[in-house]
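Colleague: Mind looking at a prediction? Sequence and model below.
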Amino acid sequence: MKAIILAVFGTSTEAAVTFDELVPALKANFPDRAIFVPYTSGMIRRKLNANLPESEQILSPEAMLDKLKYDGYHDIIVLTTLLFAGVEHDKLKLTVDSFAEANPNIRLRYQPPLLADAEKLPMVVEMLAKYMLTDGINIVVAHGTSAKHPAEAVYMKLAELVAAKYPNARVASIEGEPDMEAALDFAKAQQANDVRAIVFMFVAGEHAANDIMGENDSLFAAIRSMGKRPSVAYNGERVASLGLDADYRKLLLDWYNELS
């Protein structure tokens, strides 16, 4: 039997519908494989599993691999919606490598995050045009990674590409670099009063609701404090995220298909 593990960070918000857009496309592209969606975030798993029966518990990638082995799957592809090869990717890759070493009889393949290096960044930056204010200021908000992590270089390349293509835009990270304060200083120095946040994450979940749009200690609060008007980019009725962007999903599926 053949399977795909789609490892996602996860979310406890309504933004989980983002995965509903991707899974059917995966099924169409890999019709001979069963698809399973574990969450890499232990915090989110614990929060959700507290209210779920045992039969519906959300598994970690490690537990999912063990379950598929027990259920008789002999060919497994591990994919991920993580954007960058940061800390979460490191943990996922360690899990996959450890399982592969312990189970040489199972064919196991792993496709790293789409933006593991900077090669595909220009295409993704191009996709952001549809969300940009032309007569205002734009702050592209990424998650970020731990200081001095190798993935930080890719985040900095993202910032370089965005600033070059969109002179009225800057990249900011919730954690680490590119620096949020620098993006806010840029916004404050501009004459325009409208500042749009663009969520550069696969899912617009808790970080979007709290760190970006929250009432206190958020990007929106900081923008209001400088006398400007904050907004967030939408895709239809939902806060826009890369996972809801059809162009990004196509790029991601093409990346996944390289393992088919």
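Modeller: In hand now; what should we look at?
Colleague: From now on I want contacts and neighbour counts done on CA atoms only, so please keep to that.
Modeller: Will do.
Colleague: what about the residue lying closest to Glu206 once chain neighbours are set aside, how many neighbours?
Modeller: Once flanking residues are discounted, Glu206 sits nearest to Thr13: 6.9 Å by C-alpha to C-alpha, 6 or more residues apart in numbering. Here the number of neighbours of Thr13 (other C-alpha atoms under 10 Å) works out to 14.
Colleague: Phi first, then psi, for Thr13.
Modeller: The phi/psi pair for Thr13 (degrees, to the nearest 10) reads phi -100, psi 180.
Colleague: And the pLDDT for it?
Modeller: pLDDT recorded at Thr13 is 88.
Colleague: can you check Ser260 too?
Modeller: We have a pLDDT of 65 for Ser260.
Colleague: Give me the phi and psi angles of the residue positioned nearest the centre of the chain.
Modeller: The centroid of the chain falls nearest to Phe202 when counting by C-alpha atoms, centre = their mean (3.1 Å). Note on Phe202: its backbone torsions stand at phi -70, psi -40 [degrees, to the nearest 10].
Colleague: Tell me how far Val23 lies from Leu48.
Modeller: Note on Val23: its distance to Leu48, by C-alpha to C-alpha, to the nearest Å, is 20 Å.
Colleague: before we move on, what SS does Asn210 have?
Modeller: Asn210 falls in the helix class when you classify it by DSSP: H, G, I helix; E, B strand; the rest coil.
Colleague: Ok, Thr95 next?
Modeller: Secondary structure assignment for Thr95 (three-state DSSP): helix.
Colleague: ok, residues contacting the strand or helix carrying Ile5?
Modeller: Element membership for Ile5, per DSSP states H and E: strand 2-7. Residues outside strand 2-7 that contact it (C-alpha atoms under 8 Å, 6 or more residues apart in numbering) are 32-40, 61, 64, 73-82.
Colleague: Same question for the following helix or strand past that strand: list its buried residues.
Modeller: Using DSSP H and E, the next helix or strand after strand 2-7 towards the C-terminus is helix 17-29. Neighbour-count burial for helix 17-29, counted by 16 or more other C-alpha atoms under 10 Å, picks out 18-19, 22, 26.
Colleague: Could you pull up the mean pLDDT of helix 17-29?
Modeller: pLDDT averaged over helix 17-29 gives 91.
Colleague: got the angle for it vs strand 2-7?
Modeller: 160 degrees (axes from the mean of the first three to the mean of the last three C-alpha atoms, to 10 degrees).
Colleague: The strand holding Ile5 pairs with which strands, and in what direction?
Modeller: strand 34-36 (parallel), strand 75-80 (parallel) (DSSP bridges).
Colleague: in the last one, what's buried?
Modeller: Neighbour-count burial for strand 75-80, with 16+ other C-alpha under 10 Å as criterion, is recorded at 75-80.
Colleague: Could you work out the end-to-end span of stretch 210-229 for me?
Modeller: Counting by C-alpha to C-alpha, you get 17 Å between the two ends of stretch 210-229.
Colleague: same thing with stretch 93-111?
Modeller: The stretch stretch 93-111 measures 10 Å between its terminal residues, going by C-alpha to C-alpha.
Colleague: now stretch 200-208
Modeller: Counting by C-alpha to C-alpha, the terminal residues of stretch 200-208 are separated by 10 Å.
Colleague: Check stretch 125-143 too.
Modeller: Taking C-alpha to C-alpha, the first and last residues of stretch 125-143 lie 16 Å apart.
Colleague: how many neighbours does Pro122 have?
Modeller: Pro122 has 14 nearby residues by other C-alpha under 10 Å.
Colleague: From the contacts of strand 2-7, list just the buried residues.
Modeller: Using 16+ other C-alpha under 10 Å, the buried members of the contacts of strand 2-7 are 33, 35-40, 61, 64, 73, 75-82.
Colleague: mind showing which ranges of this protein have poor pLDDT?
Modeller: Applying pLDDT under 70 to the chain flags residues 260.
Colleague: Thank you kindly, that will do.
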